[in-house]
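>>> Give me coordinates for this.
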Amino acid sequence: LPPFPDTMFSFVLGVFLICTYAAKEATKKTKKAKLYVPQIDCDVKAGKIINPEFIAKCPPGCQDVKYRVYGTDIYASFSSVCNAAIHSGIIDNTGGKILVQKVAGHSGYRGSFSNGVRSLSLPRWRESFLVSEGKPRKGVTYPSTLEYSSSKSTAVKSGDTVRKEYQTSPAPTPATQTATTTPTPTTTTTDPSTTTPKPTPTPATTRTTTAISPHEKHSYQKRPKIFPMFLCPSSDCKVDLSFLMDGSWSIGKRRFQLQKQFLGNVAQALGTGSAGPLMGIVQYGDDPSTEFNLKTYDNSKDLRNAIEKISQKGGLSNVGKALSFVNKNFFSDANGNRGGAPNVVVVMVDGWPTDRVEEASRLARESGINIFFVTIEAAAESEKQNVIEPNFVDKAVCRTNGFYSINVPSWFSLHKVVQPLVKRVCDTDRLVCSKTCLNSADIGFVIDGSSSVGTSNFRTVLQFVANISKEFEISDTDTRIGAVQYTYEQRLEFSFDKYSTKQDVLSAIKRISYWSGGTSTGAAISYASEQLFSKSKPNKRKIMILITDGRSYDDVRVPATAAHRNGVIAYSVGVAWAAQDELEAIATDPDKEHSFFVDEFDNLYRFVNQLIQNICTEFNSQPRN
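You can find the predicted model right below:
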């Protein structure tokens, strides 16, 4: 072979080197391509941004405006994104890049004070988010433009999952949906006698099913459908209503059909619509499942047709599990909950539940849900030994005054209670379990008992405490009251769980004896945090009202800041020689709305209405699910 010319070799080598260099430069350029980071305003809430994960840049000065933040470490999506980032320490008031990741909503967002931002506590929200340093995660593509929602509902709550085989309406779509169509429910009808075996009965679950007499059978077959008149104009009955429908095997097919007919008549009588009542249905057996939610149907005709197509689930009568499901999942924005309308649950029960209802009902009531029970064919004397939880209705309903429970002796009398039930659920003035500023707090009074107060003035202070307390709705599921008295030392007068009626609380306040001594206010705040507020319920607002007449012998700032970080909303009331700087340090920010001063004990009464008004104003500014 002829020798390879040197010039040709040099040429090939040169081309190779040039190509290699060009490839390296292209790689460098690719690596150096910068991610465009969109900027967001200080007031933008995470829930308004549809993207599930994004990097954004916060402008400087967000801390100056004090946009609201809810939670600690994990934040409710109603929070300002940038202020949450400052609260968590990711950025400071100069702004900067942050990484935001959406996660499921949960209960018990904890308020705290961190990095100059006070976050608030929140019982529950449909969606949460995490904030971290604004560095992209490997393998994740980030948007250069953020997609914003124009709707209040930003996403379907992750926890709102139901078993697909029982779901009869499409799942709610995210807020990006531009048009809404009325879904047609789909069901799979099965014959329980051939496809699903009955659960093996146990003494606790066995129930005698009364045979249908020939007269009843004739009545069932021949009775015309009932179309009651509208009992209340829809605009006069604005409630968000969930029926828990009994789908257990004990009810049987014929009675299940009567139940559907009853629910259809209720829907007709209510006159459902967006301006008035909205109605959804959850069917329960072994497990609960949503048949349709509040926003699936906005008129009675479509609602009746959908009810008629519901097929029976079968299984046991697990009412407690159904109440827990509704409390956690049903009343959310994504499911059509309107916030300003009372939340009402009507539980239909054939006989008695096969699980316990007391704890699930208590949690639902504390969440502001008004629980009604309609029991049909209650246990006979010979059957009562089979009931797991005696007096289950009284343990479950909102109040045991008879208003919230209806007992029907026979399924064939059920049609007679349509009108009484509709009148009750529409009587919004009597739906006392709805969340208000007066029934949703743990209020701890921290009372100065030092020698400078004196016996006579101490009685005036106790009257001030009583006047505030009696304005609240007091029970173990509503507002609870506790009290601490302090001098150099501290004394727990009574805890939140000690008294559950207003009269008992007022009597306990009256019995507090004057102690006399020094003034260690800082130690008293720490004591109240430990002995009272550490034992608060997660879904209660923690409110401390401290009354003092002088300067503290110890530091108040550190214990007050610690209380704020733990979600305690602190009000300070100073009398006579109280130090203004200490009152402001004790009070929650903004201190002008949380601290008061009066020159004489006899003028304390003037602040009762103002203090309650401020408590309610703060509550009403809190977001609703």
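>>> How much space separates residue 292 from residue 305?
For residue 292, the distance to residue 305 equals 11 Å [Cβ to Cβ, to the nearest Å]. Backbone N, C-alpha and C define where each C-beta goes, glycine included.
>>> Looking at these two now, which is surrounded by more residues?
Neighbour count, other Cβ atoms under 10 Å: between residue 292 and residue 305, residue 292 has more, with 24 against 14.
>>> Okay, and the beta partners of the more buried one?
Following DSSP bridges, residue 292 is listed with bridge partners residue 281.
>>> is it true that it touches residue 282?
No. With contact defined as Cβ atoms under 8 Å, residue 292 does not reach residue 282; the gap is 9.3 Å.
>>> nearest spatial neighbour of residue 47, skipping sequence neighbours?
Spatial nearest neighbour of residue 47, excluding adjacent residues (Cβ to Cβ, 6 or more residues apart in numbering): residue 77 at 3.6 Å.
>>> Kindly report the same for residue 364.
Counting by Cβ to Cβ, 6+ apart, the residue nearest residue 364 is residue 327, at 4.2 Å.
>>> Got phi/psi on the one you found?
phi -60, psi -40 (degrees, to the nearest 10).
>>> what's the burial count for it?
Residues lying near residue 327 (other Cβ under 10 Å) number 23.
>>> show me what contacts residue 451?
By Cβ atoms under 8 Å, 6 or more residues apart in numbering, residue 451 lies in contact with 487, 516, 517, 518.
>>> Out of those residues, which is nearest to residue 254?
Residue 254 has its nearest neighbour among the contacts of residue 451 in residue 487, at 71.6 Å by Cβ to Cβ.
>>> How about the contacts made by that closest one?
Each residue near residue 487 by Cβ under 8 Å, 6+ apart is listed here: 449, 450, 451, 515, 516, 517, 518, 519, 520.
>>> For it, give me the pLDDT.
At residue 487, the predicted lDDT confidence score is 97.
>>> Hmm, residue 539 is touching residue 122, no?
No. Using Cβ under 8 Å, residue 539 is not in contact with residue 122, being 9.2 Å away.
>>> and residue 526, how many neighbours?
19.
>>> Is it in a helix, a strand, or coil?
helix (DSSP: H, G, I helix; E, B strand; the rest coil).
>>> who touches it in this structure?
Residue 526 makes contact with 559, 562, according to Cβ under 8 Å, 6+ apart.
>>> The one 5 residues further on now?
If you count contacts by Cβ under 8 Å, 6+ apart, residue 531 has them with 484, 490, 492, 495.
>>> Repeat that for residue 583.
By Cβ under 8 Å, 6+ apart, the residues touching residue 583 are 572, 573, 574, 591, 595, 596, 597.
>>> what's the most distant pair in the residues you listed?
So, these by Cβ to Cβ: farthest apart are 573 and 591, at 12.5 Å.
>>> thinking again about what came up before, which one among the contacts of residue 583 gets closest to residue 524?
residue 572 (11.8 Å).
>>> Tell me the helices and strands packed up against the helix or strand hosting that closest one.
Secondary structure from DSSP states H and E places residue 572 in strand 568-575. Here strand 568-575 touches strand 541-548, helix 557-565, helix 580-586, strand 595-598, helix 608-620, going by 3 or more Cβ pairs under 8 Å, 6 or more residues apart in numbering; DSSP states H and E.
>>> In terms of mean pLDDT, which of these ranks lowest?
helix 608-620 (a mean of 87).
>>> Please pull out the lowest mean pLDDT helix or strand from the protein.
helix 192-195 (a mean of 36; mean pLDDT, DSSP states H and E).
>>> which ones are touching residue 612?
Counting by Cβ under 8 Å, 6+ apart, residue 612 touches 468, 471.
>>> can you count the residues close to residue 455?
9.
>>> make that residue 65, sorry
Counted by other Cβ under 10 Å, the residues lying close to residue 65 total 11.
>>> so how far is residue 369 from the most centrally placed residue in the chain?
For the chain, residue 124 is the residue whose C-alpha lies nearest the centre (Cα atoms, centre = their mean; 3.5 Å). For residue 124, the distance to residue 369 (Cβ to Cβ) stands at 12 Å.
>>> same thing with residue 419?
23 Å.
>>> These two: who's more crowded?
residue 369 (25 against 15).
>>> Can you verify my assumption that that one contacts residue 330?
No. Using Cβ under 8 Å, residue 369 is not in contact with residue 330, being 9.0 Å away.
>>> Show me the shaky parts of the stretch 51-200 of the chain.
Applying pLDDT under 70 to the stretch 51-200 of the chain flags residues 150-200.
>>> would you list every one of the helices in it?
62-65, 81-88, 192-195 (DSSP state H, counting those that start in this stretch).
>>> Identify, out of these, the most deeply packed stretch.
Comparing the helices of the stretch 51-200 of the chain by mean neighbour count (mean count of other Cβ atoms under 10 Å), helix 81-88 ranks first with a mean of 28.
>>> which residues sit against it?
40-42, 44-46, 49, 56, 58-59, 62-63, 66-69, 71-73, 75, 91-93, 95-96, 98, 100, 112, 114-117, 119, 129, 131.
>>> Return the members of those classed as buried.
40, 42, 44-46, 49, 56, 58, 62-63, 67-69, 71-72, 75, 91, 93, 95-96, 98, 100, 112, 114, 117, 119, 129, 131 (16 or more other Cβ atoms under 10 Å).
>>> Now do the closest residue to residue 84 other than its chain neighbours against residue 119, distance only.
Nearest residue to residue 84, sequence neighbours excluded (Cβ to Cβ, 6+ apart): residue 75, at 4.6 Å. Distance, residue 75 to residue 119, by Cβ to Cβ: 7 Å.
>>> Give the residues shared as contacts by the two.
Jointly contacting residue 75 and residue 119 under the rule Cβ under 8 Å, 6+ apart are 69, 84, 87.
>>> between residue 573 and residue 591, which one's more packed in?
Applying other Cβ under 10 Å to residue 573 and residue 591 shows that residue 573 carries more neighbours, namely 26 against 16.
>>> I figured the more buried one hits residue 549, correct?
No. Here residue 573 lies out of contact with residue 549, judged by Cβ under 8 Å, at a distance of 9.7 Å.
>>> Need the residues touching each of those two.
Here residue 573 and residue 549 have no joint contacts, going by Cβ under 8 Å, 6+ apart.
>>> Good, wrapping up.
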